[in-house]
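Participant: Let me see the structure of the following:
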Amino acid sequence: MNTQASATAEKAMFDLTGKVAVITGASKGIGEDMARVFARFGAKVIVSSRKQDACDALADDIKAQGGEATGIAAHVGDMEQLQQLVDKSIATYGGIDILVNNAASNPVFGPSLDCDGAAFDKIMQANVKAPFELSKLCYPSMKARGGGSIIMISSIAGHTPDPGLGMYSVSKASLNMLTKVLAKEWGPDGIRVNAICPGLIKTKFSQALWQDEKILSHFTKRIPIARMGTTDEISPLALFLASDASSYSTGSLFYADGGTVI
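Facilitator: Predicted structure coming up:
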């Protein structure tokens with residue numbers, strides 16, 4: 001194969017043209033960056049978060065840049081809204097090929113003793129149950145279309161717990177196992193399931209970890225790449241997992257953490 005043909009073939013591996021991608025928690029941060037990247041590579045993107053106006057604003061901006069996107073609000077803690085998200089996505093674009101379970105919650109930062117039952121339930125609902133239920137809802141469409149890719153946005157906190165992130169760490173460890181369970185069970189249907197485990201990424205969600213210099217120093221001083229990451233250092237990995245470039249990858253945890261867990 002000549003160089004030009006090889007380059008064309010490599011580019012095609014990352015092409016998402018004709019694919020429909022649903023991304024939760026997509027109105028800002030890592031989710032927003034993934035939505036923009038997926039659209040640039042040809043996907044029809046369903047931008048989902050809790051507020052319709054935020055979804056519409058990003059979808060409109062993506063369309064202004066030549067991409068295809070639709071905003072559909074859904075609260076991941078509400079099963080009825082998750083069902084509506086899937087139904088509306090299929091009604092809009094005909095099916096679902098890619099699901100990114102990105103929405104998450106962490107209402108408690110501090111000792112685990114300070115995490116009451118209500119906070120625990122909220123964390124587990126958003127970070128474990130919602131990805132499980134939404135993945136199940138997308139399963140029939142993916143299977144009917146010959147397969148698909150589910151990407152869980154996990155965290156290094158599921159590998160190495162840090163002070164202040166106790167129950168969040170528990171939820172992400174559970175999400176990592178859910179990734180492996182679904183990958184094993186759904187592989188025969190052509191559905192791949194992988195997880196991205198970011199380290200400290202500068203987003204509003206992680207603000208409690210980087211707005212205080214002492215806390216930030218606690219995290220960055222042990223990172224081989226001694227800085228926070230950025231959202232555009234996560235989205236290319238998501239593109240890889242969404243595309244045919246990762247066709248033989250499933251049940252895997254991909255770390256993007258500057259070397260934190262070494």
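
Participant: for this protein, what's the longest strand?
Facilitator: Using DSSP state E, we find that the single longest strand of the chain is strand 191-198.

Participant: What is that one packed up against?
Facilitator: Secondary-structure packing of strand 191-198 (3 or more Cβ pairs under 8 Å, 6 or more residues apart in numbering; DSSP states H and E): helix 130-144, strand 148-153, helix 166-186, helix 235-242, strand 253-256. Just so you know, the C-beta spots here come from the backbone N, C-alpha and C atoms, and that holds for glycine as well.

Participant: What segments of the protein are helices?
Facilitator: For the chain, the helices defined by DSSP state H cover 3-13, 29-40, 52-64, 79-93, 117-124, 130-144, 166-186, 207-210, 213-220, 235-242.

Participant: so of those, which one's packed in deepest?
Facilitator: Most buried of the helices of the chain, by mean neighbour count (mean count of other Cβ atoms under 10 Å): helix 29-40, with a mean of 25.

Participant: helices or strands up against that helix?
Facilitator: Checking 3+ Cβ pairs under 8 Å, 6+ apart, helix 29-40 ends up next to strand 20-23, strand 44-47, helix 52-64, strand 68-71, strand 98-101, helix 235-242.

Participant: ok and the last one relative to strand 148-153, angle-wise?
Facilitator: Angular relation of helix 235-242 and strand 148-153 on a 0 to 180 degree scale: 150 degrees, by axes from the mean of the first three to the mean of the last three Cα atoms, to 10 degrees.

Participant: Also the longest one?
Facilitator: Angle, helix 52-64 to strand 148-153, by the same axes, to 10 degrees: 120 degrees.

Participant: what helices or strands is helix 52-64 leaning on?
Facilitator: Counting contacts by 3+ Cβ pairs under 8 Å, 6+ apart, helix 52-64 is packed against helix 29-40, strand 44-47, strand 68-71.

Participant: one more time with 6 Å, if that's ok
Facilitator: With contacts taken as 3 or more Cβ pairs under 6 Å, 6 or more residues apart in numbering; DSSP states H and E, helix 52-64 sits against strand 44-47, strand 68-71.
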